[in-house]
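Trainee: Show me how the following folds:
(one chain, ligands or ions: 4)
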Amino acid sequence: MGEERKLVGACPHDCPDTCSMLVTVKDGKVTSVRGNPEQPFTRGRLCIKVNNYQDRVHSEERILYPLRRIGPKGAGEFEKVSWDEALSEIGSRWRGLVEEFGAQSILPYSYLGTQGILNGLNVGDPFFNKLGATIGERTFCDSGACTAYEMTVGHTAAVDPESIVHSKYIILWACNALSTNSHLWPFIEKARKNGAALVVIDPVKTKTARLADWHISIRPGTDAALALSIMNVVINEGLVDQDYVDRYTYGYEELKVRAAEYDPEKVENITGIPADDIRTLARAYAQSAPAMIRIGVAIERHAGGGQAVRAITSLPALVGSWRKPGGGLLQLPLWAFPVNFAKMMRPDFIGNDVRVLNLWKLGQILCDDESLAPPIKSLFVYNSNPVVTTPEQDKVIKGLQREDLFTVVSEQFLTDTTLYADIVLPATTQVEQEDIMFSWGHFYLSYNNQSIAPLGDAVSNTELFRRLAKTMNFDDPFFYRSDELMIDESMLWDEPALEGISLDELKLHGFARLNLDTADRYAPHAEGNFPTPSGKCEFKTSLAESGNFVNPLFRQGYAGQQSGEPVDPLPHYIPPRESPKTNSSLAKDYPLNLISPKSHAFITSNYGNMPYQIHHAGEQTVLINPEDAGARRIESGRAICISSRIGEFTAVAVVTADTMPGLVVAPVGYWRHTSQGNATVQSIMSSDYADLGAAPTFSDVLVEIKAV
Ligand SMILES: Nc1nc2c(c(=O)[nH]1)N[C@H]1C(S)=C(S)[C@@H](COP(=O)(O)OP(=O)(O)OC[C@H]3O[C@@H](n4cnc5c(=O)[nH]c(N)nc54)[C@H](O)[C@@H]3O)O[C@H]1N2
Ligand SMILES: Nc1nc2c(c(=O)[nH]1)N[C@H]1C(S)=C(S)[C@@H](COP(=O)(O)OP(=O)(O)OC[C@H]3O[C@@H](n4cnc5c(=O)[nH]c(N)nc54)[C@H](O)[C@@H]3O)O[C@H]1N2
Ligand code: SF4
Ligand SMILES: [Mo]
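Mentor: Numbering: from 1, shown residues only. Ligands and ions are numbered 1, 2, ... in the order given. I've put the predicted structure just below:
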């Protein structure tokens with residue numbers, strides 16, 4: 001028997017917490033994964049998704065060898081092949097397509113299966129940029145919000161999440177922190193011990209809402225009206241921090257006029273929140289300094305989600321809460337990490353006239369869009385599971401069934417997407433690969449050791465793209481850099497934020513705090529200093545002309561061709577596109593609103609196939625209020641069909657007053673081929689964008705429900 005070893009790692013998932021973990025290895029196998037108690041933010045605890053990661057790593061369902069399809073698309077019938085065979089088939093198919101249709105007939109599809117700087121978001125960008133493939137625009141997450149920040153405070157504005165302990169008033173606005181950012185919770189609790197009040201603004205009585213001092217239940221998609229009404233009260237009652245506004249903001253006079261349109265009585269009618277509650281909230285927020293708003297990604301998934309973020313982001317400057325640690329707005333502190341993104345993406349490899357296609361439209365791209373010249377003839381999926389995370393599921397499936405489409409998927413498991421692949425390539429898990437990680441929920445840079453050798457013939461994404469480069473005969477040595485060299489080049493080590501951090505130390509401890517002021521002192525916007533054109537918080541944005549800005553990070557580094565009409569330069573309320581109040585004709589057939597948040601036990605669709613997590617999550621469920629259930633004779637446990645103008649799926653009803661009358665809650669993450677009716681919530685979703693940043697509208701959907 002070999003000796004037991006403990007190595008330090010980091011959780012790979014697309015989660016703000018990026019936990020530091022300790023991996024125990026014996027005889028080449030991972031025997032346990034635990035939180036690293038030394039990391040000050042994640043403090044030795046892993047969540048329900050990851051605390052049995054060894055079972056994911058050593059699952060019998062892992063794909064460990066390249067596979068070639070032998071049955072019909074979708075049937076999941078494959079034969080084992082060697083890497084050489086798989087690569088030579090990919091090479092010859094792609095060379096043929098490039099010759100016949102041009103390289104733009106190839107479309108990469110990827111996101112954040114892992115968040116590692118090496119193996120994550122940008123790992124394939126240099127390859128596809130060089131190949132000249134179509135650019136896949138990945139506005140999957142926070143693109144609408146990033147656009148709104150860009151227009152208001154600059155997207156790199158940040159506060160230290162740990163500084164929330166100094167807050168006196170904390171608003172979790174569309175954020176189910178106990179499920180989606182659970183390591184922030186102890187910091188919130190500490191602030192509460194010191195007298196802070198916790199308010200949760202959410203249409204659902206979530207785990208998090210239940211533990212708050214005040215849960216404000218709001219109609220979905222109406223948050224902009226609430227934020228503007230808070231401004232209305234703050235301005236009318238003389239609670240503005242006039243000194244801060246005079247020095248560090250732009251457009252206050254115009255904002256005043258705009259906010260005057262949103263008196264609490266009118267907004268009660270929009271949001272369902274009593275006018276007096278809006279007044280109480282506005283007063284407490286303005287008078288309990290420092291106040292912190294932690295905004296969830298969920299807010300952007302509505303027709304007017306971008307402007308809602310604009311309105312909310314304007315609040316801290318109005319009351320001067322950026323002045324002190326513990327105040328301001330907590331979004332993605334990811335930009336504090338000096339990642340060498342240009343080196344990771346190589347936008348300089350992008351040729352002239354390369355088109356950009358938004359990946360939310362995958363179904364249409366593969367099925368309907370006859371204007372595409374050339375059409376998409378090959379799809380390469382890695383770090384993503386589009387069948388269950390992209391809208392218009394039926395259309396996506398129909399597209400994936402096209403006999404003339406050559407689909408390659410790099411995966412750890414036979415996901416719903418992988419079932420349609422012509423070639424499947426086996427991918428390593430985090431313990432089988434080395435990586436360096438930023439975080440979007442704290443200021444610690446993390447390092448992940450490779451703890452065990454890759455299982456079977458699985459390869460890391462970095463190795464995958466080295467092999468593809470060789471297959472396509474790329475001669476630039478850039479494509480053949482070792483992981484070690486890539487880690488060296490992944491960060492801008494000379495930036496002040498990395499001063500004093502050595503790679504050797506980082507490798508030893510697994511984490512290092514960025515060289516920024518400590519949480520009790522970090523207040524970068526105490527005196528404005530916003531990364532906007534005016535250097536101020538722009539209530540009235542000077543970027544209105546550029547409309548729907550999409551961060552080049554989400555487009556393989558491509559910064560040109562920004563789409564979109566100019567937008568109203570002042571924050572405003574755009575009603576939901578689909579709600580009984582705003583779309584009565586659609587509501588005749590589909591009278592219920594649906595929102596689709598995250599699952600507690602899955603991380604988007606990861607773990608939707610793992611017994612321990614399924615045991616916790618149960619079958620695909622939807623929450624429905626007793627009033628709506630009663631009217632349809634539906635009881636808890638009953639199978640129900642949820643239909644929209646786009647499609648339908650089956651789920652088990654959970655009848656509960658946690659959701660308000662008229663609102664159905666359908667979490668994302670369940671797998672299609674293991675769900676009743678062979679469909680998930682994605683089948684009822686349209687691919688319509690929200691107002692900013694080509695964000696999705698997963699929570700702006702009208703549905704009807706009936707028992708099956
Ligand atoms: N357990 C778990 N954790 C995760 C993930 C996961 O899948 N599972 N995913 C990770 C990823 S990729 C992301 S982007 C983040 C997302 O993190 P969050 O944004 O916190 O996630 P959601 O669960 O989508 O939404 C949070 C809350 O917003 C509420 N909500 C929906 N619509 C509205 C609205 O119009 N107004 C208001 N005020 N509230 C609304 C929902 O009811 C929900 O409780 O979580 C990350 N962490
Ligand atoms: N209805 C609804 N839809 C949503 C959302 C919602 O809230 N509601 N949220 C949206 C959001 S916020 C997000 S971020 C997206 C997420 O969309 P996706 O990124 O497509 O979702 P994941 O389920 O995380 O899929 C990642 C896949 O990558 C694989 N993977 C993990 N590690 C590796 C690796 O190292 N190499 C390779 N090759 N593969 C790996 C995993 O096995 C997994 O199948 O979904 C969006 N879709
Ligand atoms: S998913 Fe998030 S909370 Fe869970 S272990 Fe990973 S980083 Fe930590
Ligand atoms: Mo996300």
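Trainee: number of nearby residues for His166?
Mentor: Neighbourhood size, His166 [other Cβ atoms under 10 Å]: 21. From N, CA and C alone the C-beta is placed, and that goes for glycine too.
Trainee: can you check the one 4 residues further on too?
Mentor: The number of residues packed around Ile170, counting by other Cβ under 10 Å, is 28.
Trainee: I'd like the distance from whichever strand or helix holds it to the chain centre, please.
Mentor: Under the assignment given by DSSP states H and E, the secondary-structure element containing Ile170 is strand 169-173. Relative to its chain's centre, strand 169-173 lies at 20 Å (Cα atoms, centre = their mean, to the nearest Å).
Trainee: Contacts for it, please.
Mentor: Surrounding strand 169-173, the residues in contact under the criterion Cβ atoms under 8 Å, 6 or more residues apart in numbering are 164, 188, 191-192, 196-202, 208, 212, 223, 284-285, 288-296, 299, 312.
Trainee: Parallel or antiparallel, list what pairs with that strand.
Mentor: Strand 169-173 has these partner strands in its sheet, going by DSSP bridges: strand 197-201 (parallel), strand 291-295 (parallel).
Trainee: Could you measure from Asp589 over to ligand 2?
Mentor: Plainly put, Asp589 is 21 Å away from ligand 2 if you go by Cβ to the nearest ligand atom, to the nearest Å.
Trainee: quick one: stretch 457-470 near ligand 2?
Mentor: Yes: contact check for stretch 457-470 against ligand 2, using Cβ under 6 Å from any ligand atom: residues in range are Asn461.
Trainee: For that stretch, buried residues please.
Mentor: With burial defined by 16 or more other Cβ atoms under 10 Å, the residues of stretch 457-470 counted as buried are 458-469.
Trainee: For it, which outside residues touch it?
Mentor: Applying Cβ under 8 Å, 6+ apart, the set of residues contacting stretch 457-470 is 62-66, 82-83, 87, 90, 114, 118-120, 123-124, 126-127, 382-383, 410, 412, 425-428, 432-434, 454, 479-480, 483, 486.
Trainee: again with stretch 524-542
Mentor: Outside stretch 524-542, the residues that reach it (Cβ under 8 Å, 6+ apart) are 151-159, 247-252, 254-255, 310, 314, 316-318, 322-324, 328, 543, 569-571.
Trainee: Quick one: distance of the lengthiest helix in the chain to the chain centre.
Mentor: The helix that spans the most residues within the chain, counting by DSSP state H, is helix 83-101. In terms of Cα atoms, centre = their mean, the gap separating the centre of helix 83-101 from the centre of its chain is 32 Å.
Trainee: Quick one: mean pLDDT over it.
Mentor: With pLDDT averaged residue by residue, helix 83-101 scores 98.
Trainee: excluding its backbone neighbours, what's nearest the spatially most central residue of the chain?
Mentor: Relative to the mean C-alpha position of the chain, the nearest C-alpha, by Cα atoms, centre = their mean, is the one of Cys141, at 3.6 Å. For Cys141, ignoring the flanking residues on the chain, the nearest one in space by Cβ to Cβ, 6 or more residues apart in numbering is Val297 at 5.9 Å.
Trainee: Give the ranges of residues in this protein that sit below the confidence cut-off.
Mentor: Low-confidence segments of the chain, defined by pLDDT under 70, span residues 1, 547, 563.
Trainee: Quick check: residues of this structure near ligand 3?
Mentor: Applying Cβ under 6 Å from any ligand atom, one finds that the chain approaches ligand 3 through 11, 13, 15, 17-19, 46-47, 49-50, 182, 603.
Trainee: could you dump those residues to TSV with secondary structure and neighbour count?
Mentor: Output for those, formatted as TSV (DSSP: H, G, I helix; E, B strand; the rest coil; neighbours: other Cβ atoms under 10 Å):
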residue	secondary structure	neighbour count
Cys11	coil	26
His13	coil	22
Cys15	coil	24
Asp17	coil	23
Thr18	coil	29
Cys19	coil	30
Leu46	coil	22
Cys47	coil	21
Lys49	coil	23
Val50	coil	22
Ser182	helix	23
Ile603	strand	22
